[in-house]
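*Asks:* Predicted model and sequence below, questions to follow.
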Amino acid sequence: MLQNELETDCPTYDEILVLFPDTTNQNVVGGFKSIDGITQRGLPNVIHPERFYTHATESILWVDPPNDVRKKLIMIEINPSLPIYKTGKESLIMDDYSVSFGKDRYVNFNCSESKITAENWVFLTGDSLNLMKHNCDPIFTSFNSTVSLKFEKSYQDLSTSAKYKLDQFIKESLEKYKVSFIGSNEKVINEAVTTDENE
C-alpha cells in the first residue's frame, strides 16, 4: 500500500522497529534498508537463512521475514481492518438470544498465526506476542476479542399471518357449506356456480 502511495492505518517498518526491534542476525538473514523510498528487509546473504536458527534456544523476533521462513514461525500480521468473525461453535448457538463474534484480533486454532487491526496495533502486537509465546493460554492476555450481541425476542401476532387466515377461511367454509351438490344427479342450481346467460 505504501509503495502505491495509498493511505493506510498500518504502521511502517520504521515505527514497528522502534517498539518491537528485529532480533535476527541481519548480516545473515538480510538487513533493513530503504528500497524505493520505503524501509524493507533486504535479501538474505545465505541461501537458507532459517537454518542459521535451527539450534537456537532463545526467542527471536523477525520483522518482515522472508517468505520461505514464514511458514515455520509464529506469525502476527497487522491488517488495516478485520471483519468480525464467528468464534466457533459458540457463534452458532442462540438459545439465550445472544450470539458471539470475534473482533480486532484473530488467532488460528493451533496458535501459529494471529491477525490484528492497525487501529490499536501497539497494544495488540505486544499482547499477541505474550499470548502466543504462552501457547494461547487466555490468562496471558489483557485483550478480549469476543463481542456478544443480545437480540430481543420477536413477537408475531398469529391472527395476521396468511396461514392463520387461510385456516380460518377453510373452517368457515366447512361450516357454511356442509352439503355439496357438485357431481350429483339432482337438478339443483348451485348458487356458487356461475351459469352461462344463454342457458
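*Replies:* Arrived safely. Computed from a prediction, not measured in an experiment: that's the story for all the values here.
*Asks:* So for Ile189, what's the pLDDT?
*Replies:* pLDDT recorded at Ile189 is 57.
*Asks:* so what secondary structure elements neighbour the host helix or strand of Leu129?
*Replies:* Using DSSP states H and E, Leu129 falls within helix 121-133. When contacts are defined as 3 or more CB pairs under 8 Å, 6 or more residues apart in numbering; DSSP states H and E, helix 121-133 sits against helix 13-19, strand 75-79, strand 105-107, strand 113-117. In short, each C-beta sits where N, CA and C put it, glycine included.
*Asks:* so where do the strands sit in this protein?
*Replies:* For the chain, the strands defined by DSSP state E cover 32-35, 38-41, 75-79, 85-86, 98-102, 105-107, 113-117, 146-150.
*Asks:* What lies in contact with the third one?
*Replies:* I take that to be strand 75-79. 10-11, 16, 112-118, 121, 125, 128-129, 132 (CB atoms under 8 Å, 6 or more residues apart in numbering).
*Asks:* Kindly provide the whole-number mean pLDDT of that strand.
*Replies:* Strand 75-79 comes out at a mean pLDDT of 92.
*Asks:* Counting neighbours, what do you get for Met132?
*Replies:* Close neighbours of Met132, defined as other CB atoms under 10 Å, add up to 20.
*Asks:* Contact partners for it?
*Replies:* Applying CB under 8 Å, 6+ apart, the residues near Met132 are Ile74, Ile76, Val107, Cys111, Ser114.
*Asks:* Please tell me how far the last one sits from Ala56.
*Replies:* Between Ser114 and Ala56 the computed distance is 21 Å (CB to CB, to the nearest Å).
*Asks:* Of these two, which one has the most company?
*Replies:* Ser114 (22 against 8).
*Asks:* what's the spacing between that one and Val29?
*Replies:* Distance, Ser114 to Val29, using CB to CB: 22 Å.
*Asks:* about what we covered before: could I get the strands of the chain in JSON lines, plus columns for distance to Glu175?
*Replies:* Shown next, in JSON lines, are the strands of the chain (distance: least, CB to CB, whole Å):
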{"stretch": "strand 32-35", "distance to Glu175": "87"}
{"stretch": "strand 38-41", "distance to Glu175": "83"}
{"stretch": "strand 75-79", "distance to Glu175": "66"}
{"stretch": "strand 85-86", "distance to Glu175": "51"}
{"stretch": "strand 98-102", "distance to Glu175": "46"}
{"stretch": "strand 105-107", "distance to Glu175": "62"}
{"stretch": "strand 113-117", "distance to Glu175": "65"}
{"stretch": "strand 146-150", "distance to Glu175": "46"}
